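Participant: okay, sequence plus prediction incoming.
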Amino acid sequence: MAFDNLLEDVCNDATVFFAMIQMFWNSINLQMKNHLRFYQNL
């Protein structure tokens with residue numbers, strides 16, 4: 001039973017971790033697109 005709870009906690013942590021990475025990655029991609037657009041306008 002304890003192992004199941006541990007596994008559940010790890011899965012929850014992983015979900016939060018991946019969500020954070022995805023948000024971080026999205027913000028980086030957004031900045032890159034803005035920079036590319038800026039350089040194209042020069």
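Facilitator: Received the coordinates, thanks.
Participant: quick one: buried residues of stretch 9-20?
Facilitator: Neighbour counts over stretch 9-20 (16 or more other C-beta atoms under 10 Å) mark no residue as buried. C-betas here are computed from N, CA, C, even on glycine.
Participant: that one: how far from the chain's middle?
Facilitator: Taking C-alpha atoms, centre = their mean, to the nearest Å, one finds the center of stretch 9-20 at 10 Å from the center of the full chain.
Participant: pLDDT on that stretch, on average?
Facilitator: In this model, stretch 9-20 has an average pLDDT of 92.
Participant: chain center to the host helix or strand of Lys33, what's the gap?
Facilitator: Element membership of Lys33 [criterion: DSSP states H and E] is helix 2-41. Offset of helix 2-41 from its chain centre (C-alpha atoms, centre = their mean): 0 Å.
Participant: then stretch 35-42?
Facilitator: That offset, for stretch 35-42, works out to 25 Å (C-alpha atoms, centre = their mean).
Participant: what is the mean pLDDT for that stretch?
Facilitator: Stretch 35-42 comes out at a mean pLDDT of 85.
Participant: restrict it to CA atoms and write it as CSV.
Facilitator: Presented in CSV, the C-alpha positions along stretch 35-42 are these (Å, rounded to 0.1, in the frame of the first residue of the first chain):
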residue,chain,number,x,y,z
HIS,A,35,13.2,38.1,-31.9
LEU,A,36,13.0,36.5,-35.4
ARG,A,37,10.1,38.8,-36.3
PHE,A,38,12.1,41.8,-35.1
TYR,A,39,15.1,40.8,-37.2
GLN,A,40,13.0,40.3,-40.2
ASN,A,41,11.6,43.8,-39.9
LEU,A,42,15.1,45.4,-39.9
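Participant: buried set for that stretch?
Facilitator: Buried residues in stretch 35-42, counted by 16+ other C-beta under 10 Å: none are found.
Participant: which other residues reach that stretch?
Facilitator: For stretch 35-42, there are no surrounding residues in contact (C-beta atoms under 8 Å, 6 or more residues apart in numbering).
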